[in-house]
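Novice: Sequence first, predicted coordinates after that:
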Amino acid sequence: MASLRDLFMEPYVADSQLNSNSSARHSSLEINPLEMETTPMPNHGEAAHQVVGVGPPSNADNGISLTWEDLWVTVPDAKGSRRRPIIQGLTGYAQPGEVLAIMGPSGCGKSTLLDALAGRLGANTRQSGDILINGRTQTLAYGTSAYVTQDETLITTLTVKEAVYYSAQLQLPNSMTKSEKKERAEMTIREMGLQDSMNTRIGGWGAKGLSGGQKRRVSICIEILTRPKLLFLDEPTSGLDSAASYYVMSRITKLDQREGRTIITSIHQPSSEVFGLFTNLCLLSSGRVVYFGCANATNEFFASNGFPCPTLQNPSDHFLRTINKDFDEDIEQGSEGKRATEEVIEILITSFKSSDGYQEVKRQVSKICKQGGTGSSLEKSRSHASFFTQCLVLTKRSSVNMSRDLGYYWLRLAIYVTLSLGVGTIFYDIGLGNSSIQARGAMLMFIASFLTFMTIGGFPSFVEDMKVFERERLNGHYGTTAFVIANTLSAVPYLLLISLIPGALAYYLSGLRPGFEHFLYFDSVLFTCMVLVESLMMIVASIVPNFLMGIITGAGIQGIMILGGGFFRLPNDLPKPFWKYPLHYIAFHKYAYQGMYKNEFQGLTFPCNQTGQRGVITGEYILKNKFQVEMGYSKWVDLGILLSMAVLYRVLFLTIIKIVENMKPAISKFISHDSFFTQCLVLTKRSSVNMSRDVGYYWLRLAIYITLAVSLGTLYYDVGMSYSSIQPRGALLMFLASFLTFMAIGGFPSFVEDMKVFEVERLNGHYGPTAFVIGNPLFSVPYLLLFSPITGALAYYLTGLQRGFEHFVYFDLVLFTCMMLVKSLMMTVASIVPNFLMGIIAGGGIRGLMMLGSGFFRLPNDLPKLLWKYPVYYIAFHKYAYQGLCNNDYERLYFSSDDLTGGLDVIISGEEILRDEFQVEMGYSKWVDLGILLGMVVVYRTPFLVIIRIVEKAKPVISKFISVKPQPMTQVMENQTATAVHMS
Ligand SMILES: Nc1ncnc2c1ncn2[C@@H]1O[C@H](COP(=O)(O)OP(=O)(O)OP(=O)(O)O)[C@@H](O)[C@H]1O
């Protein structure tokens, strides 16, 4: 039975091996199908069993007849020890020019049957029985069958014409000319009645385009471009009203009659008009067949068994209600004396099994099989568009998508420009003074790490790209390699743009090294870093196709890489295991920092301000001694390594997609069944129901925070109290106050969900915004209280910061307060921008600006007065967090001389360091900093409340402004046509 399965692409090859053991029928099952099906039941079927539909002759015009005999599908049960049957010994057929509808109550196995017939079952399923094409085990050529899934994974920025035409170029062979492909695309659009919407964008968030019915038809258009002879449709009408459902189904069935296509569709609850379009019906209950045969004769079958359809009732509603046992209690209560549904189902199943109708199905199956042996053979092969064409078309399509994706691409550019203006003004005209050495180092580090880190905000877009890819890949439109090449090529122009404009702004405003070749180098490194981060996030998206988990995972990986890059802890101070070998060498940040540093410092000289020394220090000396840059090779080698890494990351992306294709079912199985997650749920129920269930945000975040805390702990392990520990302590505290709390950005999708729930409840008058604003932070207190001591303690005690429990308590309180603040900030953003993508980018941008102005990257006295000192420095909570933490750690400590003091025997007090090195405001105690932070928690909540109230009023206006108006003609046309047909 490798036939159908072979058609459905590589990912299912493994499945086919698992599922295709038809010769060893049921050998792997623990249940005995015969026992289960021969339960003696009274035979109530007395008449009317002439129920088998007689369609057009099979195999007509190379048509496809599909037959299945004694088909079983099983899955592991909840405990995983036994197997549970989902499909139980089904026999049936589908013929050219006919529509077979699979119906039944929810969970009865409709999709499973469809998937089994289409060869798309998941890896944890086992299948047995025969599925034959025209009576034979044979392979269908590419394009002769298609599967339309329930969810519309379409590229929302494209118009209908573009979406279908691009797809035509991808799927149709090179032997067809461009105009022929265009013609085919337009003809298919017309066939599906979408001619008036040709130029309407499909639409998604913020840009209402097509209606649900129209989107469904676009999905169908794309799949029937190759004129498949066999079409599988999974719930093609779900979510559509009856008029739209009829319109969609009638369009499909018209084609089927004209082209001799075989259609198998699962459907939930068709209207009587839609039901009238079906040739045959397969009615299921708990994986068993209740009825199979001519759709028109179903009523008779039910009536003959004592369940006639009441007058004026939709027959399909009647069939489903009769066999739906989900609401048995209600039925019993509602009408006394009514037979329990279980009993009714058994009556119908037994009746059908002993009916002539069932015998007729079997006869029909064997007839098709016999005809198949002698009938005309199927097309042996159809050719695809060439690999080169596919790459070209995918690149073009992706570029069009990018240029129109306002949220990701253009907002990101705007935020990058804002950030680079931020960098440019904060380091404005940096000069060649001694203090510019540290400033240059910090600035270059910020650009190489943080500016590129922002790519994380594009994660939802990557996930969408991956979804479209997965659908098209599964349907065989193109291969993985073409996708990866196109994805890379299409990103290049945009990444060039966003590295060039923000790069130039930051470079020239700050007055880094003059000379165009130096700028070119700086920009090449920035561009390569962006390519690398984008590749990294695509890799994450291919493994974790979930916004929340992906963002947190991506941020965690980058956080660890930044830590090991050699800035937060100098390369020679990095602990050897893990941090130095291999992380420092794997993290692209190392090469980016070192390349940029060499580009900036080599050949420059700076005044020396060491006590008692005069003269200058050379850039080379700074590179070697201050930044501990590897000087054995040139900056071009660093760039070369970065470029090779970019290629390597892409190859890794390709490899991982290929591996994940095979591993995904196993991963999903692990996530859905693993007891760890269940335990997490049980544990967290004690704290709060919402948090307990949000595995992605709360528990994954906790895991990532712990990982980061342990990472910090090992990176700065036992940081010491000598001169050389002064800078690391400062960097460590800054990382904790800024970056660790920055991770809360990953929870943005959760905040958006919270906001959505709030909006619904608010609209229904359940409670007011004030109650929400007060209640919302309270929910997170237990979680953050749990969270900050664990991560805080790990980082604090591993690094050996100032001893004394009261110091740890202070440290932890600051951490906790910062987390509360970040949550407030992100909630405020969520209240204005209720969209994952824009919210993450906006939140990241705001926090980036705050971090820049907090007095670490540029010392407080060096901050430009305008904007940066007044007001950013004073409103950024990072200032108080950072200064409070520094006060807490350095007060009353003395640092002894070491190698770094160059032989000078000096002892420096913590207070001196605070005042001179970090320029901390010393006029008040650390508790004032904490008090200000706590006050800020309240203050940050107030704009949140105010904004919620304003947004409540302004949102309709904003949405109206952002959204693209749907073409009114199109909408009206669909409804009018559908209604007209419906009424006739
Ligand atoms: N791969 C699988 N692993 C475990 N259980 C599965 C798997 N596939 C399906 N099931 C279970 O089998 C039953 C039938 O699922 P299926 O999706 O086929 O039903 P359906 O009739 O299409 O339902 P609906 O109409 O609600 O979409 C469900 O209880 C489902 O949970």
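Specialist: Nice, thanks for sending it over.
Novice: Can you give me the pLDDT of the closest residue to L866 other than its chain neighbours?
Specialist: Nearest non-adjacent residue to L866, counting by CB to CB, 6 or more residues apart in numbering: T425, 7.7 Å away. In short, each C-beta sits where N, CA and C put it, glycine included. Residue-level confidence at T425 comes out at 93, pLDDT.
Novice: by contact count, what packs against whatever helix or strand T425 lives in?
Specialist: The secondary structure element spanning T425 is helix 411-426 (assigned by DSSP states H and E). Other helices and strands packing on helix 411-426, by 3 or more CB pairs under 8 Å, 6 or more residues apart in numbering; DSSP states H and E, are helix 480-510, helix 836-852.
Novice: buried set for it?
Specialist: Under the neighbour-count criterion of 16 or more other CB atoms under 10 Å, helix 411-426 has 411-412, 415-416, 418-426 buried.
Novice: Specify the angle between the next helix or strand after that helix and helix 836-852 in degrees.
Specialist: Scanning the chain past helix 411-426 towards its C-terminal end, the next helix or strand to appear is helix 435-446 (assignment: DSSP H and E). An angle of 170 degrees separates the directions of helix 435-446 and helix 836-852 when computed by axes from the mean of the first three to the mean of the last three CA atoms, to 10 degrees.
Novice: Spell out which parts of this structure neighbour the ligand.
Specialist: Those residues of the chain that sit near the ligand, judged by CB under 6 Å from any ligand atom, are 75, 86, 104, 106-112, 122, 124-125, 268.
Novice: May I see the PyMOL selection of the buried members of those residues?
Specialist: With 16+ other CB under 10 Å as the burial test, the buried ones among the residues of the chain next to the ligand are selected in PyMOL as follows:
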select buried, resi 86+104+108+109+110+111+112+122+124+125+268
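Novice: taking the residues of the chain next to the ligand one by one, which sit in strands?
Specialist: Secondary structure from DSSP state E places V75, I86 of the residues of the chain next to the ligand in strands.
Novice: Show me the two of the residues of the chain next to the ligand that sit farthest apart.
Specialist: Taking every pair in the residues of the chain next to the ligand and measuring CB to CB, the maximum separation is 24.6 Å, between N124 and H268.
Novice: Excluding chain neighbours, what is closest to the residue in the stretch 801-950 of the chain that the ligand sits nearest to?
Specialist: Using CB to the nearest ligand atom, F836 is the residue of the stretch 801-950 of the chain that sits closest to the ligand, at 26.5 Å. When the adjacent residues along the chain are set aside, F836 lies closest to P460, with 4.6 Å between them (CB to CB, 6+ apart).
Novice: just S725 next, same as before
Specialist: Using CB to CB, 6+ apart, the nearest residue to S725 is V719, at 4.9 Å.
Novice: Next: A744.
Specialist: Beyond its immediate neighbours in the sequence, the residue positioned closest to A744 (CB to CB, 6+ apart) is V822, lying 4.1 Å away.
Novice: so that neighbour sits right up against R847, yeah?
Specialist: Yes. Because the distance of 7.4 Å satisfies CB atoms under 8 Å, V822 is recorded as touching R847.
Novice: For those two, list the residues in contact with both.
Specialist: Where contact means CB atoms under 8 Å, 6 or more residues apart in numbering, the residues bridging V822 and R847 through contact with each are F742, I745.
Novice: what sits against I617?
Specialist: Shown here is I617, whose contacts under the criterion CB under 8 Å, 6+ apart are T605, F606, P607, C608.
Novice: from those, which ones fall inside helices?
Specialist: For the contacts of I617, not one is inside helices, with DSSP state H as the criterion.
Novice: Now intersect those with the strands, please.
Specialist: Secondary structure assignment (DSSP E) places T605, F606, P607 from the contacts of I617 within strands.
Novice: Looking at these, which is nearest C886?
Specialist: Comparing every one of the ones in strands among the contacts of I617 with C886 (CB to CB), the shortest separation belongs to F606, at 25.8 Å.
Novice: And that closest one, how far from the ligand?
Specialist: 65 Å (CB to the nearest ligand atom, to the nearest Å).
Novice: Which stretches in the stretch 801-950 of the chain count as strands?
Specialist: Using DSSP state E, counting those that start in this stretch, the strands of the stretch 801-950 of the chain run over 866-867, 870-871, 894-895, 908-909.
Novice: And for the residue nearest to F836, the neighbour number?
Specialist: Burial measure for P460: 23 neighbouring residues, criterion other CB atoms under 10 Å.
Novice: Show me what the helix or strand harbouring it packs onto, helices and strands only.
Specialist: Using DSSP H and E, P460 sits in helix 459-474. In terms of contacts (3+ CB pairs under 8 Å, 6+ apart), helix 459-474 is packed against helix 480-510, helix 516-543, helix 547-564, helix 836-852.
Novice: let's go with 6 Å and repeat that
Specialist: Helix 459-474 makes packing contacts with helix 516-543, helix 547-564 when contacts are defined by 3 or more CB pairs under 6 Å, 6 or more residues apart in numbering; DSSP states H and E.
Novice: what's the angle from the helix holding T425 to helix 516-543?
Specialist: Using the same axes, to 10 degrees, helix 411-426 lies at 140 degrees relative to helix 516-543.
Novice: sorry, back to before: quick one, which of the contacts of I617 are buried?
Specialist: For the contacts of I617, a burial check counting by 16+ other CB under 10 Å picks out F606.
Novice: Which two among the contacts of I617 are spaced furthest apart?
Specialist: The largest distance within those, taken as CB to CB, falls between T605 and C608 and amounts to 9.4 Å.
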